[in-house]
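Chemist: Please work out how this folds:
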Amino acid sequence: MDASARTTRRQWTLLTAAVLASATWPAVGYAHGDRPHHQGTGPVIREQKPWGIGAAADEARRTIEIRMTDDMRFSPAHLEVTEGETLRLRAVNRGQVMHEIVIGTREELQAHAELMRKHPNMEHDEPYMAHVPPRQRGEIVWTFNRPGDFEFACLIPGHFEAGMRGTIRVKPASRP
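Modeler: Sure thing, here's the model as predicted:
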């Protein structure tokens, strides 16, 4: 094989590798760094989840501040919401280390926490989570359009296991 053929073959090999890597991109983990998670910039991702759906900031009718501290606790640790209500959850990190708040079902949060233990630098950015650097704040704007019992947690390795969790009870809306 001459030099030109080797170069062409190498280029095709690199191109094929790039295409395959891009096809598997969601499984690749990246470091969080100090980049906050979804903060309401850009279009709202409206993917229905068992615990609700993302909403635009101007849709929120109520704001609840949730404080996060280095004693691995949220305050308040329990929320009551009425089905159909859109909330702005303002996550305030009063600690010295990174914290996050992720909404989900108990099973989803446990599975995500396990994945975070295996890949501690994994980047994830969804409208139902906020990653908050020390002494900063983040927000989640969420419509709780399904009744039920859900949870929120910090899934940074060690935080979830230390009990950094809370509950959300979504009460069914009154039907006329």
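Chemist: going forward, measure contacts between C-alpha atoms and count neighbours the same way
Modeler: Will do.
Chemist: and T63, what element?
Modeler: strand 62-69 (DSSP states H and E).
Chemist: after that strand, next one along is what?
Modeler: Per DSSP H and E, the first helix or strand lying C-terminal to strand 62-69 is strand 73-75.
Chemist: what's that following strand packed up against?
Modeler: strand 62-69, strand 165-171 (3 or more CA pairs under 8 Å, 6 or more residues apart in numbering; DSSP states H and E).
Chemist: That one pairs with which strands, parallel or anti?
Modeler: strand 62-69 (antiparallel) (DSSP bridges).
Chemist: Please save the CA atoms from the strand holding T63 in CSV.
Modeler: C-alpha atoms of strand 62-69 as CSV (Å, rounded to 0.1, in the frame of the first residue of the first chain):
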residue,chain,number,x,y,z
ARG,A,62,-44.7,29.9,43.9
THR,A,63,-41.0,29.9,44.9
ILE,A,64,-39.7,27.6,47.6
GLU,A,65,-36.1,28.1,48.9
ILE,A,66,-34.3,24.8,49.7
ARG,A,67,-31.1,25.3,51.7
MET,A,68,-28.3,22.8,51.3
THR,A,69,-25.6,22.5,53.9
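Chemist: The helices and strands packed on strand 73-75: which one's closest to R88?
Modeler: For those, the distance to R88 is smallest for strand 62-69, at 4.6 Å, taking CA to CA.
Chemist: from the chain's centre, how far out does the closest one sit?
Modeler: A distance of 16 Å separates the centroid of the chain from that of strand 62-69, by CA atoms, centre = their mean, to the nearest Å.
Chemist: contacts for it?
Modeler: The contact list for strand 62-69, computed with CA atoms under 8 Å, 6 or more residues apart in numbering, reads 74-76, 86-95, 99.
Chemist: buried residues in it?
Modeler: 66-69 (16 or more other CA atoms under 10 Å).
Chemist: SS state for the nearest residue to Q96 once chain neighbours are set aside?
Modeler: In space, and not counting its chain neighbours, Q96 is closest to P134: 5.0 Å by CA to CA, 6 or more residues apart in numbering. Following DSSP: H, G, I helix; E, B strand; the rest coil, we place P134 in the coil state.
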